[in-house]
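Chemist: Quick check, what structure comes out for this input:
(chains A, B and C)
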Amino acid sequence: MPGADPVPASRLKSMRILARDFYNRDTITVARELLGHVLHHETATGPRAGRIVEVEAYLGLNDLAAHASRGLTPRTKVLFGPPGHAYVYLIYGVYECLNLVAEPDGTAGCVLIRALEPVTGIEAMRQDRPAARQLRELCGGPGRLTIALGISRRHNGLDVTRGELTVRQWPEPWNTEVVASPRVGITQCADWPLRFSVAHSPFVSLPLPK
DNA sequence: CAATAGATCATCT
DNA sequence: GATGATCTATTGC
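Modeler: Residues are numbered from 1 along each chain as shown, chains lettered A, B, ... in the order given. Now for the predicted structure:
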């Protein structure tokens, strides 16, 4: 059996959960400040968690790359709702992507979680992602990390300030260099630098920011 | 290492 | 009926 998790379950539970005020701000601030904190899913078979190292901000009506730019529809309802909730959608009929809703109730905005540094439940993640040969591939990509953590559309609309899916504050002070670069895989607003990643982290997804 | 094709379906036109 | 906020395997340089 390989090495133990960097963050054991007991330590995970002692970390404070980010409260709704954290998310009740402009989307870009929320996106940048999410870096370094820990996405935690308490599954039926135990905790799985990873430190957030890469995100993208998706704005409101003026951001044509954002689902919310089409206005209020059944799908985008959660994006226009209160902050601190999960927005999970199916992409290309195959993968699921996790976003965290920002901005006050009534204003759209969300942060796509793009990559994690795995810290808890690594063996369980590997079982669900056999294609990942390297640790860096386990949660390096929005579709990959949802599989690794067991997150799916059944989490859409969930409150992430309590319950099975939360974000926990990294306990130590952390000075990190944040890199801003264009978002991945979009055609509209393709030059807006709304992808934020931890400089020099080996867990950031491809293509690497410039 | 870079480019690309195929998988597959909810959502909106 | 077209279109993706992607991943993987495969091909080609």
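
Chemist: what's stretch A:129-144 in contact with?
Modeler: A:50, A:91, A:94-98, A:112-118, A:122, A:125-126, A:145, A:147-149, A:202-206 (Cβ atoms under 8 Å, 6 or more residues apart in numbering). (Glycine included, C-beta is placed from N, CA and C.)

Chemist: among these, which ones are buried?
Modeler: A:50, A:96-98, A:112-118, A:122, A:125-126, A:145, A:147-149, A:203-205 (16 or more other Cβ atoms under 10 Å).

Chemist: Among these, which lie within strands?
Modeler: Secondary structure from DSSP state E places A:50, A:96-98, A:112-118 of the buried ones among the contacts of stretch A:129-144 in strands.

Chemist: For the residues you listed, work out which two are farthest apart.
Modeler: Spatial extent of these (Cβ to Cβ) is set by the pair A:96 and A:117 at 20.2 Å.

Chemist: which bits of chain A sit near DNA strand C?
Modeler: Proximity of chain A to DNA strand C, by Cβ under 7 Å from any atom of the strand, involves residues A:56, A:58, A:65-68, A:87, A:90-95, A:97, A:99, A:110, A:112, A:129, A:131-132, A:137, A:141-144, A:183-187, A:205.

Chemist: Only the buried subset of the residues you listed, as a PyMOL command please.
Modeler: With 16+ other Cβ under 10 Å as the criterion, this PyMOL line picks the buried residues out of the residues of chain A next to DNA strand C:
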select buried, chain A and resi 56+58+65+66+67+68+87+97+99+110+112+132+137+141+142+143+144+183+184+186+205
